[in-house]
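J.: sharing a sequence plus its predicted fold:
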Amino acid sequence: MSPRLGVWGLILAVATGTVLWMGAAGLRFDWPSAAVTFGTCLLLEALAFTYRTLRPEPRIAATLGGLVQVIAFGACAAPLSYAVASTAGPLWDTTFAGWDRSLGLDWRAYLAFVDAHPRLGFAMTVAYRSLMVQMMLVIVLLGFCGRLTALRQFVLAFCLSGTVTVLMSGLTPAMANFVHLQLGPADFPHLRPAAAFAHVSHLTGLRDGTLRTVSLDAIEGIITFPSFHATSGALFLWAFWALPAARLPALVLNVLLVASTPIDGGHYFVDVAAGLLVAGLAILAARRFTPRPAQAAPPASVPERGAGVAALGAAR
């Protein structure tokens, strides 16, 4: 099976799981909210088909195809995360906080440090919010620069890690640090965390049964463990590393992105570690299941003109 078809198979499996899990959980999907996403995917896939078959342009086809797959995967995996959260068990916040302490990691001290350096906090928030921009940029740059194997590996790793993250979140649900510690804006006056409380009403509603309709127009990141932002930062850095000119900017931006997840996402440090582990395993799997292009056979050697004439004379 080609890598492209393999990714579509994974997306189909996630979509099927979403439908079945939502049905079992008693959730309803707001289908009109998917109209724009569905239309965008159809348009991009039609263009990819054109450049794949009717007017062959491998770089354009691969770029468009990669964009379609990450958009389609996100549209299937996000509702699945809601379905999983609605059937999850007891919260793990106390356990995660304990794991952090056992590792000697003080989240409150980290929050105080970043709050005392607001410029650093602002840079971290910008990096945290860069996820979607980086997602599109890495696909476009890899595609148009001809790094098609790297592009296919990135898309596969992204979909694999996203699937694992969603499923793991159902086993280890958590509300994250700001809620667990009952903190408010007065506790970090110089910061504006990107997603400190954005998930609370959705996750609470899913768990107590008051949120029964899932809409793509109002999806929030409700997963605490593992941190998918940390996973994404590692995947972005790995993918951008195939482009020498992008290495340094990608390194700076994604180090900030990973560093921002405990603050802007309220994550425990163990969430970040787990997210990086998921990224590493997904990269290994993507490399394993994405074949490299076959090496072209070396051209046959052509004898020099004089040698050919001499050989012909000898044969006579």
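T.: Arrived safely, thanks for sending.

J.: could you report the neighbour count for the residue lying closest to Phe144 once chain neighbours are set aside?
T.: Among residues not flanking Phe144 along the chain, Arg59 sits closest, at 5.6 Å (Cβ to Cβ, 6 or more residues apart in numbering). In short, each C-beta sits where N, CA and C put it, glycine included. Neighbour count of Arg59, defined by other Cβ atoms under 10 Å: 16.

J.: mind listing what Arg59 touches?
T.: Listed by Cβ atoms under 8 Å, 6 or more residues apart in numbering, the contact partners of Arg59 are 143-144, 146, 148.

J.: and which of those is nearest Thr213?
T.: Closest approach to Thr213 among those (Cβ to Cβ): Gly143, at 36.2 Å.

J.: what's the spacing between the closest one and Ala61?
T.: In this view, Gly143 and Ala61 are 9 Å apart by Cβ to Cβ, to the nearest Å.

J.: any idea which of the contacts of Arg59 has the most stuff around it?
T.: Highest neighbour count within these, by other Cβ under 10 Å: Gly143, with 22 neighbours.

J.: ok, that one to Leu248 distance?
T.: Counting by Cβ to Cβ, the separation of Gly143 from Leu248 is 21 Å.

J.: could you do Leu148 as well?
T.: For Leu148, the distance to Leu248 - Cβ to Cβ - is 23 Å.

J.: ok, Ala259 next?
T.: With Cβ to Cβ as the criterion, Ala259 and Leu248 are 17 Å apart.

J.: so for the two, which sits in the more crowded spot?
T.: Set Ala259 next to Leu248 and count neighbours by other Cβ under 10 Å: Ala259 wins out with 20 against 10.

J.: what strand or helix carries the more buried one?
T.: helix 247-264 (DSSP states H and E).

J.: for that helix, name the packing helices and strands.
T.: Here helix 247-264 touches helix 107-115, helix 118-128, helix 131-144, helix 228-240, helix 269-289, going by 3 or more Cβ pairs under 8 Å, 6 or more residues apart in numbering; DSSP states H and E.

J.: most tightly surrounded among these?
T.: helix 228-240 (a mean of 26; mean count of other Cβ atoms under 10 Å).

J.: which helices and strands does that one pack with?
T.: With contacts taken as 3+ Cβ pairs under 8 Å, 6+ apart, helix 228-240 sits against helix 131-144, helix 148-171, helix 247-264, helix 269-289.

J.: could you dump it to CSV, C-alpha only?
T.: The C-alpha trace of helix 228-240 is given here as CSV (Å, rounded to 0.1, in the frame of the first residue of the first chain):
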residue,chain,number,x,y,z
PHE,A,228,-0.2,17.4,21.5
HIS,A,229,1.4,20.8,21.4
ALA,A,230,4.7,19.2,22.6
THR,A,231,4.2,16.4,20.1
SER,A,232,3.7,18.9,17.3
GLY,A,233,6.7,21.0,18.2
ALA,A,234,8.9,17.9,17.9
LEU,A,235,7.3,16.9,14.6
PHE,A,236,7.7,20.4,13.2
LEU,A,237,11.4,20.6,14.1
TRP,A,238,12.0,17.2,12.6
ALA,A,239,10.2,18.1,9.4
PHE,A,240,11.8,21.5,9.0
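
J.: tell me the angle that helix makes with helix 269-289.
T.: If you take axes from the mean of the first three to the mean of the last three Cα atoms, to 10 degrees, helix 228-240 sits at 40 degrees to helix 269-289.

J.: now do helix 228-240, average pLDDT.
T.: Helix 228-240 shows a mean pLDDT of 98.

J.: what sits against Ala195?
T.: Taking Cβ under 8 Å, 6+ apart, we find Ala195 in contact with 128, 220-221, 264-266.

J.: ok, and the most crowded of the residues you listed?
T.: Highest count within the contacts of Ala195 by other Cβ under 10 Å belongs to Gly266, 29 neighbours.
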